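> build me a model:
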Amino acid sequence: MNITRENVDALNAVVKVDIAKEDYSDKVEKILSDYRKTANIPGFRKGHVPMGMVKKQYGKAVLVDEVNKLLQDALNKYLTEEKLDVLGQPLPKPQDDIDWDSEAFSFEFELGLAPEFDVKLKGKKAITKYSIVADDKMIDEQIERIQKQYGKLVSQEAIEKDSEITGAFKNEEKEIDNTVTITLDKFKGKATEKKFIGAKAGDVITLKTKGLYSDEHELIHALKLGHDDVHGLDIEVTFTVSEINKRELADLDQDLFDQLFGKDTVKTVTELKDKIKEDAEKQFSQQADQKFLNDVTEYLVDSTKFDLPAEFLTKWLQTAGEKQLDDTEAKEEYEKSEKSLRYQLIEGKLIEENEIKVTMDDIKDHSKEMIKAQMAQFGQMNPSDEELDGIAARVLSNQDEARRISEQLISQKLLEVYKEKANIKVKELSYENFVKEVYGDK
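Below is the predicted model:
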């Protein structure tokens with residue numbers, strides 16, 4: 001067997017594999033001999049079928065199968081030994097005239113080669129890394145929400161601004177009849193709020209659905225309709241008041257602290273505020289890290305310049321998926337996936353240069369920490385190591401889940417590299433201002 005490579009350019013090559021008779025003949029003969037021993041052909045005793053008849057009946061199929069196996073093994077071995085960094089998979093060049101009666105065969109494969117490039121993490125322009133703090137306003141609002149959640153409901157005669165109102169939305173034409181509990185702060189306009197203030201149990205209030213809520217999802221919940229049914233809905237509905245209550249705030253005492261965090265974990269309002277701040281900023285940190293990771297990814301893709309074997313990859317995409325793509329579909333698919341492919345190559349280089357590795361022990365430890373956190377949400381604060389090991393083993397027996405955790409860990413390690421080596425400016429702000437700056441004032 002002889003394998004040669006011709007480099008078309010820096011990103012494309014053609015590999016030629018020449019297979020001679022001595023490369024496959026012994027294997028083919030052995031398989032045919034085994035067939036002869038087991039062949040069941042009328043007129044012949046088992047094991048006594050003439051070899052000529054076996055070759056005539058099975059010879060070509062066995063030859064084609066063995067040559068294809070030999071070809072794939074040889075090609076994979078060659079790519080490994082030559083340390084060729086290929087994109088996609090080798091594409092066989094079309095051959096409609098293979099003469100399987102000959103003794104020697106030649107096959108050619110197109111290769112798309114990964115480009116050579118350098119990655120510079122420290123650019124001229126600094127990337128913003130947000131540090132989100134829980135300010136006093138947010139902490140006070142969270143405490144009030146907790147007090148409302150754990151507070152008592154006190155019956156009221158008439159609706160006030162902060163009442164919790166139970167009643168039924170109705171519209172005969174649309175067959176709407178849904179009982180819900182609402183608060184006035186969810187409505188979009190002050191005019192709607194005014195219609196409710198002073199109303200009593202039994203009163204019927206007529207409302208227009210258009211512009212009733214700022215958030216369309218609130219209308220979905222109120223009317224118990226599907227998203228498509230609510231979109232653009234402009235009808236009159238009635239709301240019949242059945243019950244009016246006011247939420248009396250719970251006292252900030254030891255009973256409440258113990259309900260929230262466990263016995264004696266928090267003992268004062270100051271400690272409560274510190275705990276709320278700590279928990280909130282942990283969550284904010286994850287959101288800020290994700291934003292930072294997205295921004296670094298964007299910077300790396302934009303600033304790291306290299307060419308790709310676009311024509312080869314477009315051709316490869318035609319047959320890479322479950323569905324065969326035509327030329328136009330493959331071109332569209334390549335354009336959609338090009339940015340992702342560029343980042344995969346950049347990420348791979350950064351992983352190699354920074355010697356980032358994830359071991360099975362890393363994956364096990366991370367999965368156990370995730371399981372521990374989930375169990376804590378259900379009040380199981382101190383699971384045993386044996387229990388954690390058992391659950392982790394079951395989770396990691398799913399290869400997709402193990403791969404997902406591995407990718408998550410690699411992403412975390414890359415994030416640490418970015419924090420250490422990228423050109424960063426830290427910007428501290430409240431969560432409210434973070435949302436306004438990053439996502440717009442919604």
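> mind giving me the packing neighbours of the helix or strand harbouring residue 61?
Per DSSP states H and E, residue 61 falls inside helix 51-81. Packing partners of helix 51-81 (3 or more Cβ pairs under 8 Å, 6 or more residues apart in numbering; DSSP states H and E): strand 2-9, strand 12-19, helix 21-38, strand 86-92, strand 105-113. Every residue, glycine included, has its C-beta placed from N, CA and C.
> 6 Å - rerun?
helix 21-38 (3 or more Cβ pairs under 6 Å, 6 or more residues apart in numbering; DSSP states H and E).
> and the contacts of the helix it packs on?
Applying Cβ atoms under 6 Å, 6 or more residues apart in numbering, the external contacts of helix 21-38 come out as 1, 47, 49, 54, 58, 62, 63, 66, 67, 70, 103.
> just the buried ones from the residues you listed, in ChimeraX syntax?
The buried subset of those, as determined by 16 or more other Cβ atoms under 10 Å, is captured in ChimeraX by this line:
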select :49,54,58,62,63,66,67,70
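> count of neighbours near residue 220?
17 (other Cβ atoms under 10 Å).
> right, I mislabeled it, should have said residue 293
By other Cβ under 10 Å, the residues close to residue 293 number 16.
> can I assume it sits in a helix?
Yes: if the criterion is DSSP: H, G, I helix; E, B strand; the rest coil, then residue 293 is within a helix.
> next one: it from residue 413, what distance?
12 Å (Cβ to Cβ, to the nearest Å).
> now do residue 145
For residue 145, the distance to residue 413 (Cβ to Cβ) stands at 36 Å.
> tell me the contacts of residue 246?
154, 156, 163.
> and the top strand by length along the chain, how far out from the chain middle?
Within the chain, and with DSSP state E defining each element, the longest strand by residue count is strand 236-248. Its chain's average C-alpha position is 41 Å from that of strand 236-248, according to Cα atoms, centre = their mean, to the nearest Å.
> neighbouring strands for it, and are they parallel or not?
Sheet pairing here is set by DSSP bridges, and for strand 236-248 it gives strand 152-155 (antiparallel), strand 163-171 (antiparallel), strand 204-208 (antiparallel).
> after the last one, which helix or strand is next?
Proceeding N to C from strand 204-208, the next assigned helix or strand is helix 216-223, under DSSP H and E.
> so which elements touch the helix or strand hosting residue 392?
Residue 392 belongs to helix 385-396 when assigned by DSSP H and E. The contact analysis (3+ Cβ pairs under 6 Å, 6+ apart) places helix 385-396 against helix 360-377.
> tilt between the helix it packs on and helix 385-396?
Inter-element angle recorded for helix 360-377 and helix 385-396: 110 degrees (by axes from the mean of the first three to the mean of the last three Cα atoms, to 10 degrees).
> what's helix 360-377 in contact with?
383, 388, 391, 392, 395, 405, 406, 409.
> list the buried residues of the strand or helix carrying residue 433.
Secondary structure from DSSP H and E places residue 433 in helix 431-439. Residues of helix 431-439 classed as buried by neighbour count (16+ other Cβ under 10 Å): 431, 433, 434.
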